[in-house]
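J.: Compute the structure for the input listed below.
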Amino acid sequence: MSDAQPAVAPGPACPEAALLEERLPGVVLDVASARGELRITVERERVVEALSLLRDDPALDYRFFSECLAVDYLDPSTGEPILGKRHRFEVVYNLYSVRDPATGRGTGRRVFVKVRVPGDDPTVPTVTGVYAGADFPEREVFDLFGIRFEGHPDLRRILMPDDWIGHPLRKDYPLGGERVQFADGTYGPAISDRVVQHAGESFHGLTGSEAEPAPGRPATPGL
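T.: This is a model prediction of the structure:
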């Protein structure tokens with residue numbers, strides 16, 4: 001299976017890629033469009049330059065940093081990335097050019113800038129110097145995926161406890177749970193102890209009607 005998407009040639013229809021190619025030759029690795037969304041993949045080492053250019057060019061004016069997120073393409077059963085990719089992770093930056101009728105600035109366009117991150121070197125330069133709003137999102141990506149952002153002013157966990165081991169959104173992170181103590185001193189089972197029924201699907205891939213019901217409660221067909 002391939003992750004091929006409709007290619008978009010840099011030019012009038014894609015001024016973002018055209019500008020990047022003109023000012024930063026070689027920085028653009030791929031340009032594609034999917035579901036009406038423009039996606040530009042740039043060199044990991046030059047992502048700060050690329051985002052700075054998109055922000056500062058008056059014709060594009062990508063001043064709003066919506067978010068950044070990460071994707072882990074690992075197939076745990078094979079140990080290799082899926083979709084024909086040669087890299088395990090991607091970090092995606094969601095930028096928006098806010099239209100300001102009073103000044104005429106902004107285009108109302110959105111662009112997703114991506115960088116490829118290998119599994120054996122999960123590092124990316126921080127873009128907090130370009131967008132201050134990247135501070136917490138980069139920390140979240142570090143916390144849950146283990147991707148380090150070089151130069152980040154305060155790179156530490158933000159959701160998980162400081163002493164947590166591992167990164168829960170990695171595809172090879174083991175499923176499991178902690179035993180829960182109830183008021184009467186009894187303990188509930190951890191996820192790893194037995195199938196846990198919940199609406200839709202269990203952690204073992206069973207639907208609610210196929211999963212083991214909770215004690216004293218029959219399975220609900222079609223749940």
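J.: What residues does residue 38 make contact with?
T.: For residue 38, the contact set (Cβ atoms under 8 Å, 6 or more residues apart in numbering) comprises 8, 14, 16, 31, 109, 110, 111, 112. C-betas here are computed from N, CA, C, even on glycine.
J.: can you tell me which helix or strand it belongs to?
T.: strand 37-42 (DSSP states H and E).
J.: buried stuff in the helix or strand following that strand?
T.: Next helix or strand after strand 37-42 toward the C-terminus (DSSP H and E): helix 47-56. The neighbour-count check on helix 47-56 (16 or more other Cβ atoms under 10 Å) flags 47, 48, 49, 50, 51, 53, 54, 55 as buried.
J.: Can you flag which of the contacts of residue 38 belong to strands?
T.: Among the contacts of residue 38, the ones falling in strands (DSSP state E) are 31, 110, 111, 112.
J.: Tabulate the residues you listed (JSON lines), appending neighbour count, distance to residue 141 and pLDDT.
T.: Below are the ones in strands among the contacts of residue 38 laid out as JSON lines (neighbours: other Cβ atoms under 10 Å; distance: Cβ to Cβ, whole Å; pLDDT from 0 to 100):
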{"residue": "31", "neighbour count": "22", "distance to residue 141": "23", "pLDDT": "96"}
{"residue": "110", "neighbour count": "15", "distance to residue 141": "20", "pLDDT": "97"}
{"residue": "111", "neighbour count": "21", "distance to residue 141": "19", "pLDDT": "97"}
{"residue": "112", "neighbour count": "18", "distance to residue 141": "15", "pLDDT": "98"}
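J.: closest to residue 91 among those residues?
T.: residue 112 (10.8 Å; Cβ to Cβ).
J.: Leaving out chain neighbours, which residue sits closest to the closest one?
T.: residue 39 (4.7 Å; Cβ to Cβ, 6 or more residues apart in numbering).
J.: With residue 135 instead?
T.: Of all residues not flanking residue 135 in the chain, residue 128 sits nearest, at 5.3 Å (Cβ to Cβ, 6+ apart).
J.: Could I get the contacting residues of the one you found?
T.: By Cβ under 8 Å, 6+ apart, the residues touching residue 128 are 134, 135, 138, 149, 151, 152, 153.
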